[in-house]
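>>> I'll drop the sequence and a predicted model, then ask my questions.
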2 protein chains.
Amino acid sequence: MDIKQRGKVDIVAVANAAKVSASTVSRSFNHPDLVNPATRKKIDRAVKKLGYIRNRAAQSMHGRRSGTIGLVVPTINHAIFAEVIQAFSDAIDQEGFTLLIASHGYDLDREYEMIRKLMEHRVDGLALIGLDHTRETYRLLEQQDVPTLAIWTHDQDSPIPCVGADNLEAGRMAARHLVGLGHREIGLIFPATQNNDRARQRKIGALEVFQSAGISVPEEWQPEAPYSIAQAKQMTLDLLTLDQRPKAILCGNDVIAQGALFAAQRIGLQVPQDLSIMGIGDFKGSADTEPGLSTVRIPAGRIGQMAGSHFSSYVTSEDRGLFRFKCNLSLVQRGTTASVTR
Amino acid sequence: MDIKQRGKVDIVAVANAAKVSASTVSRSFNHPDLVNPATRKKIDRAVKKLGYIRNRAAQSMHGRRSGTIGLVVPTINHAIFAEVIQAFSDAIDQEGFTLLIASHGYDLDREYEMIRKLMEHRVDGLALIGLDHTRETYRLLEQQDVPTLAIWTHDQDSPIPCVGADNLEAGRMAARHLVGLGHREIGLIFPATQNNDRARQRKIGALEVFQSAGISVPEEWQPEAPYSIAQAKQMTLDLLTLDQRPKAILCGNDVIAQGALFAAQRIGLQVPQDLSIMGIGDFKGSADTEPGLSTVRIPAGRIGQMAGSHFSSYVTSEDRGLFRFKCNLSLVQRGTTASVTR
DNA sequence: AATAGTATTGCAAATGTTTTCATAAATTGA
DNA sequence: TCAATTTATGAAAACATTTGCAATACTATT
């Protein structure tokens, strides 16, 4: 503890303490097999003693990787993204990467700025949510030629690698479930669909199924809800107090569905007897509401985990051929949906 | 678009294109007032044309700041942390910082590893949750002398700067509310309290109030629940099906409280008539359950926001005197608590 | 014992930037 | 018009590493 020069310990300080050259210290970290075990021991001791911590910034200047992966999400504070982020983070951590994160609040111009910001830090790869991005963003990605990944959306024609689920199909499955139960008077509560391919695809899928079943959904039964339980609850309340109200509601995601469920309970409607509620996503907690939420399971944890592990290897490998992974959906019928009684 | 040397555009490439020296380009970025407006314009054009993006890694090698702040949380995937992280991220972003994030799953040895990892990236500051950390962690922080912040816990004797609320008081407030309503048969569901000063303090505060009201809580009315709705629901179910069951439950946080509420509904108990449920935290969504959750409001968004903005200035300033901010709590009575009817 | 490898190490150049110092050009004041 | 400032720019050193190359020491083979 003699020379505790707080903070200013670099590789040459270690080298001096171990009486070797800086190169040897460097090698001892990066190619341990190239240095004599005895020397390595001396170096390790010096490192311990001085409290040396490698400087990745300096490393990355050498064409070496920075060891970071950037992730840009619409928002962190939402059940679904929180789960994906967690899984993604764990997966890349396992491969030695660190996560740089930024959010844009569903504003694609801010997304562009965030991406630039992360690029300044020379992330080794950049993961985004979905495939809806501005033209500038795509241009930037191509120009800077940073490995990029789309999480959450699977599209077999995507211009960049993707790991996700088929949202069109998710919408269809949810709709089919309702139709299969004999429902025809159905409301639709979705988030805004511009700039959000996930929500858009789901809605398209659902409407497609309804149309081919000869069901039409009036405009006033299609309110738009932002991503919050409170507002979804309010929207549902409005919808349910119309003169004519639907007997079933298909929600763009489980957060909205939870809001809808609470709204129904609020005005004393029996779910599912008086009203069926269908979600999409199967978020954490959806299984536990009373009654449990019927939904289409999108395996967020698995998507995040696969995205993380595959992207890590993609980034470290030379091969730039793009890859696409599709995660399977499944219908989860719980207590909020039932066949129409009449 | 003539010389689109994808990716390998550095400051001297820009300098050449603009026919000035690298120094001037650098200055034009960092001290624009020192360079002739005309030259600046030339440089800007070259930057645009080549698609140049600054390299913060190279910058930070100069004793310059890295422009990153590290955040280590127990988990990202939890209502409460998601909200803090979001607010913190937004606040530091506004000051030009980027967030490096890592989680440790309530394992303090992993926390140590994560902190080291972030230090390798030379974060300008490091924010942690709470004040419970290993001895090694504290030693590392001091030795490396990285500005550190504790979020979420306020302690007027904390060894490092902190921004948060008084958890002891939160526990007391929740307990007092129940006692004030005449409850004496009270169960307590908390997460594990070792390595978690927030939960521990709350529980201590609550028990303190009960004790001075002459209320004792039997061991079997104090199950331990991890941070998940599903498991909290199960624990509550177990608790409520004992021969003797409490008339009120105080939950260590709102996630547990939601689980408890669903459990009660599951077995047909009327809340609050048959059972009062009290939470702590006031998470997003707590206001919207049916009935709405009574709880102690801890302003997570505000804490994250204050933590972020104060820490940003702390990190950039020379002054290393430590600061402490306490955010106020408030009792929010909604529908899950009522006075005992007997 | 001499030769050919092989294992281990150090030197120096390179990485992309910022900053100090020096120089040149332009402006001001007399 | 000349000296004294002021303004604008460039050259070179510095930052903390990695790595190619060369040098040395050691080992095995004949």
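Received, thanks.
>>> Is A:Trp152 part of a helix or strand, or is it coil?
strand (DSSP: H, G, I helix; E, B strand; the rest coil).
>>> Tell me, how many residues neighbour the residue nearest to it when sequence neighbours are not counted?
If the residues on either side of it in the chain are set aside, A:Trp152 comes closest to A:Gly164, at 4.4 Å by Cβ to Cβ, 6 or more residues apart in numbering or on different chains. C-beta here means a position set from N, CA and C on the backbone, and glycine is covered the same way. A count of nearby residues for A:Gly164, using other Cβ atoms under 10 Å in any protein chain shown, gives 27.
>>> Buried residues, the least confident helix or strand in chain A by mean pLDDT. List them.
When the helices and strands of chain A are scored by mean pLDDT, DSSP states H and E, helix A:56-60 comes last with a mean of 93. The neighbour-count check on helix A:56-60 (16 or more other Cβ atoms under 10 Å in any protein chain shown) flags A:56-60 as buried.
>>> show me where chain A has strands.
Ranges of strands within chain A are A:68-73, A:98-103, A:125-129, A:148-153, A:162-165, A:186-189, A:248-251, A:276-278, A:295-297, A:324-326, A:330-332, based on DSSP state E.
>>> got those as JSON lines, with mean pLDDT columns?
JSON lines is the format used below for these (pLDDT from 0 to 100):
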{"stretch": "strand A:68-73", "mean pLDDT": "98"}
{"stretch": "strand A:98-103", "mean pLDDT": "98"}
{"stretch": "strand A:125-129", "mean pLDDT": "98"}
{"stretch": "strand A:148-153", "mean pLDDT": "97"}
{"stretch": "strand A:162-165", "mean pLDDT": "98"}
{"stretch": "strand A:186-189", "mean pLDDT": "98"}
{"stretch": "strand A:248-251", "mean pLDDT": "98"}
{"stretch": "strand A:276-278", "mean pLDDT": "98"}
{"stretch": "strand A:295-297", "mean pLDDT": "98"}
{"stretch": "strand A:324-326", "mean pLDDT": "97"}
{"stretch": "strand A:330-332", "mean pLDDT": "98"}
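>>> Including distance to B:Ala307, could those go into CSV?
Formatted as CSV, the strands of chain A follow (distance: least, Cβ to Cβ, whole Å):
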stretch, distance to B:Ala307
strand A:68-73, 20
strand A:98-103, 16
strand A:125-129, 25
strand A:148-153, 28
strand A:162-165, 33
strand A:186-189, 35
strand A:248-251, 34
strand A:276-278, 38
strand A:295-297, 35
strand A:324-326, 37
strand A:330-332, 38
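>>> do you know which of these lies nearest B:His183?
The closest of these to B:His183 is strand A:276-278. By Cβ to Cβ, the value is 33.8 Å.
>>> From the contact counts, what lies against the closest one?
If contacts are counted by 3 or more Cβ pairs under 8 Å, 6 or more residues apart in numbering or on different chains; DSSP states H and E, strand A:276-278 sits against helix A:167-180, strand A:248-251, helix A:254-266.
>>> Might one say that A:Ala91 is in contact with A:Arg302?
No - at 10.4 Å, A:Ala91 does not count as touching A:Arg302 under the criterion of Cβ atoms under 8 Å.
>>> Looking at these two now, which is surrounded by more residues?
Higher neighbour count among A:Ala91 and A:Arg302: A:Ala91, with 21 against 16, using other Cβ under 10 Å.
>>> Beta-bridge partners for the residue nearest to A:Trp152, please?
Taking DSSP bridges as the rule, A:Gly164 bridges to A:Trp152, A:Lys326.
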